[in-house]
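# task: produce atomic coordinates for the following.
(3 chains)
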Amino acid sequence: MAFDWNSITYAISMLGTVAFAVTAVLAIRSKSDIDIVGAIFLGLITATGGGTLRDLILDVPAFWSQDLTYIWVATLASIAALYGRSFFYHRYLFALMMYLDGLGVALFSIQSAEKAWALGFGLPVAPIILGVITSIGGGIIRDLLAGHTTLVMRHEIYATPVILSCSAFVMILNYYPSYRVFGSILCIFGAFALRAAAIYWNLSMPAFAIKAQDRN
Amino acid sequence: MAFDWNSITYAISMLGTVAFAVTAVLAIRSKSDIDIVGAIFLGLITATGGGTLRDLILDVPAFWSQDLTYIWVATLASIAALYGRSFFYHRYLFALMMYLDGLGVALFSIQSAEKAWALGFGLPVAPIILGVITSIGGGIIRDLLAGHTTLVMRHEIYATPVILSCSAFVMILNYYPSYRVFGSILCIFGAFALRAAAIYWNLSMPAFAIKAQDRN
Amino acid sequence: MAFDWNSITYAISMLGTVAFAVTAVLAIRSKSDIDIVGAIFLGLITATGGGTLRDLILDVPAFWSQDLTYIWVATLASIAALYGRSFFYHRYLFALMMYLDGLGVALFSIQSAEKAWALGFGLPVAPIILGVITSIGGGIIRDLLAGHTTLVMRHEIYATPVILSCSAFVMILNYYPSYRVFGSILCIFGAFALRAAAIYWNLSMPAFAIKAQDRN
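This next block holds a predicted model:
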């Protein structure tokens, strides 16, 4: 059957990969120029960098070496974003990319936590850390390469949904292991809902979570 | 007995981890703001980044995956540094953190050189390189993420004590292997003494070690 | 016989290592100062960083841990570049370093593609990616550490010859495996010729490969 959970997560993976690569290339627009080789490099490293870091730390083969579809999809999405950027800057398409990025982040982080859990890697905390590394690692490398302020220094609600959902998922795996599949679906959509709300209402971290002198 | 060498090094490890995380979060203060999630991320990566790089290169499991205490200690220290920074900026406490950072650097570099030596990794030079990577890797990642000038481009006496002590330690391991424990204690405190002197007298690299035009 | 292909590639490797380290240290000149420890660190990481990333991803020991000559050569070249920079800034010597850098890039990328191919790593695309990572990884780390605009954001023709030659080499390995040695020589010198032409005529990426608004 085509609409089983594996097919759905695979489709979301690819949409997330497209969104990572496209938003990386679009983010370059107003700050400086980039050529096609640079765009592909930036799109590829943003789409695959976090998962590659995770696989290095878990000492398993880089996920893209076992399914090159990720490479092709990220490459084509980067080229499309470079040459079709006026198209991608259409209001609704840009918003769609933001939400797909959020959906990709939500999925990849839970998948990573599950991968680390299955390998018994530093339970129970390390799977949460690997979920965070996977979902924001590529974006941090992108910011460094492009000379932007890194995610770490912004008040965007980006990593917080990942930490909450991975923590919840690890608790489910620990206390209710029979709800693994249902729990992963719940946590993915929970993380996505939080991120989507942050995008929709343009939220940032609440004042109590920020240093005092910056509130003045 | 509670005061054996292993307990002492473990206690120093934890103090060093606290100092790495605290100084990372305090370093952010005047340049830009950070929220609690960013502070924890920055503190954690500074405290564990160098050792993680070492373990990736040595192809052994990341040290924190086998003892999550490092994660908890760095997380709590980061939170404390964010919310208690006026406390940490107290003159003597800030100085204490600087010295504990130096003690952590001295310990971690010798431990890494020993780990690489025990694995027979690229003897005799690679253990020195891994000692340096471990002790300054986290700080370099911190500088990159925070948008600071990296350690590499400053004249601070930070890596030099590590290079000297790791070189001395490798010579002891090679020529006087029976003095391994005594030699490691000597090299740790030698490196710490050099770094402490640099902090106390606010030393930087001597002129002959710096490019000529910058001396004018 | 001394002039077999292995000896020649080894000699080119060492010349490339020298060129990577020297150009890294010389690139610092006008932007800010650096001390001898920083210079060695920067030269070493530029000369070995790309290959280290490749070996981490391929899960094989870092190449320099098995032949420390790379470390010694890069260290000495970095020191020479720091103290003898007026010598290295002599017009022809500087140009020589640029061409040797190009030759090193051409060789290291094909060697990496071959290494990945022999390991059956993500065929047929991943060997091309690893060729690119090896040849430009060190330079990107250097740019990040030194606070320069990264290669990714420049229009220099640097990665393009590598992508073309690695792609051609992978096709040869796939369709004409018996021409492996001859094909590797051809691809190395093809990549070098393209890069040398780009240096000699000071070429950058053609307009159609750059974003439209930057052409105006």
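
# go through the helix or strand containing residue A:164 and flag the buried ones.
If you go by DSSP states H and E, residue A:164 is part of helix A:159-175. Neighbour-count burial for helix A:159-175, counted by 16 or more other Cβ atoms under 10 Å in any protein chain shown, picks out A:159-163, A:165-170, A:172-173. All C-beta spots, glycine's among them, are computed from the backbone N, C-alpha and C.

# could those residues be laid out in JSON lines, adding distance to chain B?
JSON lines is the format used below for these (distance: Cβ to the nearest Cβ, whole Å):
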{"residue": "A:159", "distance to chain B": "5"}
{"residue": "A:160", "distance to chain B": "5"}
{"residue": "A:161", "distance to chain B": "10"}
{"residue": "A:162", "distance to chain B": "9"}
{"residue": "A:163", "distance to chain B": "7"}
{"residue": "A:165", "distance to chain B": "13"}
{"residue": "A:166", "distance to chain B": "13"}
{"residue": "A:167", "distance to chain B": "12"}
{"residue": "A:168", "distance to chain B": "16"}
{"residue": "A:169", "distance to chain B": "17"}
{"residue": "A:170", "distance to chain B": "12"}
{"residue": "A:172", "distance to chain B": "19"}
{"residue": "A:173", "distance to chain B": "16"}
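
# for those, which one is nearest chain C?
The closest of the buried residues of helix A:159-175 to chain C turns out to be residue A:159 (Cβ to the nearest Cβ; 21.4 Å).

# quick one: the closest residue to chain B within chain A from chain C, how far?
Nearest residue of chain A to chain B: residue A:122, at 3.3 Å (Cβ to the nearest Cβ). Taking Cβ to the nearest Cβ, to the nearest Å as the measure, residue A:122 falls 19 Å from chain C.

# contacting residues for that residue?
Shown in contact with residue A:122 (Cβ atoms under 8 Å, 6 or more residues apart in numbering or on different chains): A:116, A:129, B:62, B:64, B:65, B:66, B:68.

# okay, now the fifth one: neighbour count?
To tie it back to what came earlier, the one meant is residue B:65. Residue B:65 is flanked by 24 other residues according to other Cβ atoms under 10 Å in any protein chain shown.

# for it, helix, strand, or coil?
Put simply, residue B:65 is helix when judged by DSSP: H, G, I helix; E, B strand; the rest coil.

# wait, isn't it in contact with residue A:121?
Yes - counting by Cβ atoms under 8 Å, residue B:65 does reach residue A:121; the two are 5.5 Å apart.

# and residue A:202, how far from chain C?
Separation of residue A:202 from chain C (Cβ to the nearest Cβ): 27 Å.

# secondary structure class for that residue?
Classification of residue A:202 using three-state DSSP returns coil.

# list phi and psi for it.
The phi and psi values for residue A:202, taken as degrees, to the nearest 10, are phi 50, psi 50.

# need the helices for chain A, in chain order.
A:5-28, A:36-58, A:63-66, A:69-83, A:85-88, A:91-118, A:126-146, A:159-175, A:180-200, A:212-215 (DSSP state H).

# quick one: low-confidence residue ranges for chain A.
Applying pLDDT under 70 to chain A flags the ranges A:1-3, A:29-33, A:205-216.

# what do you get if the cut-off is 80, keeping everything else the same?
The model of chain A has pLDDT under 80 over residues A:1-3, A:29-33, A:91, A:155, A:203-216.

# get me the contact residues on it for chain C.
Within chain A, the positions lying close to chain C (Cβ under 8 Å from any Cβ of the partner chain) are A:28-29, A:32-38, A:41-42, A:44, A:52, A:56, A:59, A:61-62, A:64-66, A:68, A:71-72, A:82, A:85, A:144-147.

# need the buried ones from those residues selected in PyMOL.
Buried residues among those (16+ other Cβ under 10 Å), as a PyMOL selection:
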select buried, chain A and resi 28+29+33+34+35+36+37+38+41+42+44+52+56+61+62+64+65+71+82+85+144+145+146+147
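
# and the residue of chain A nearest chain C?
Counting by Cβ to the nearest Cβ, chain A gets nearest chain C through residue A:65, at 3.3 Å.

# surely that residue meets residue C:121?
Yes - between residue A:65 and residue C:121 there is a contact at 5.5 Å, judged by Cβ under 8 Å.

# contact partners for the residue positioned nearest the centre of chain A?
Nearest to the mean C-alpha position of chain A, counting by Cα atoms, centre = their mean, stands residue A:105 at 2.8 Å. By Cβ under 8 Å, 6+ apart, the residues touching residue A:105 are A:16, A:135, A:136, A:158, A:161, A:162, A:191, A:195.

# and the second one, how many neighbours?
By other Cβ under 10 Å, the residues close to residue A:135 number 34.

# that one and residue A:111 touch, don't they?
No - the pair residue A:135 / residue A:111 is not scored as a contact, 9.7 Å apart, by Cβ under 8 Å.

# leaving out chain neighbours, which residue sits closest to residue A:130?
Excluding its sequence neighbours, the residue lying closest to residue A:130 (Cβ to Cβ, 6 or more residues apart in numbering or on different chains) is residue A:116, at 4.5 Å.

# hang on, that neighbour packs against residue A:125?
No - using Cβ under 8 Å, residue A:116 is not in contact with residue A:125; the gap is 10.0 Å.

# which one of those two is surrounded by more residues?
Legend: neighbour count by other Cβ under 10 Å for residue A:116 and residue A:125, higher for residue A:116 (27 against 17).

# picking that back up, mind checking which of the helices of chain A is nearest residue B:178?
With Cβ to Cβ, the closest approach to residue B:178 among the helices of chain A belongs to helix A:36-58: 36.4 Å.

# now for the closest one, which elements pack on it?
The contact analysis (3 or more Cβ pairs under 8 Å, 6 or more residues apart in numbering or on different chains; DSSP states H and E) places helix A:36-58 against helix A:5-28, helix A:63-66, helix A:69-83, helix A:91-118, helix A:126-146, helix B:36-58, helix C:36-58, helix C:159-175.

# give the other helices and strands that the third one contacts.
The criterion is 3+ Cβ pairs under 8 Å, 6+ apart, and the helices and strands that helix A:69-83 contacts are helix A:5-28, helix A:36-58, helix A:63-66.

# contacts for it, please.
By Cβ under 8 Å, 6+ apart, the list of residues contacting helix A:69-83 reads A:13-14, A:17-18, A:20-22, A:24-26, A:34, A:36, A:39-40, A:42-44, A:46-48, A:63-64, A:88, C:125-126, C:129, C:211.

# how about that helix: buried residues?
Within helix A:69-83, the residues that count as buried by 16+ other Cβ under 10 Å are A:70, A:71, A:73, A:74, A:75, A:77, A:78, A:79, A:80, A:81, A:82, A:83.

# touching chain B at all, stretch A:131-141?
Yes - shown here: stretch A:131-141 in contact with chain B (Cβ under 8 Å from any Cβ) through A:132, A:140.

# list of residues touching that stretch?
Stretch A:131-141 is contacted by residues A:20, A:24, A:45-54, A:57, A:105-106, A:108-113, A:116, A:150-152, A:158-159, A:162-163, A:165-166, A:169, B:41, B:145 when judged by Cβ under 8 Å, 6+ apart.

# the same query, at a cut-off of 6 Å, please.
With Cβ atoms under 6 Å, 6 or more residues apart in numbering or on different chains as the test, stretch A:131-141 has contacts from A:45-46, A:49-51, A:53-54, A:105, A:108-109, A:112-113, A:150-151, A:159, A:162, A:166.

# neighbours of residue A:176, how many?
Counted by other Cβ under 10 Å, the residues lying close to residue A:176 total 11.

# just checking, residue A:68 touches residue C:126?
No - when contacts are counted by Cβ atoms under 6 Å, residue A:68 is not listed as touching residue C:126 (7.1 Å).
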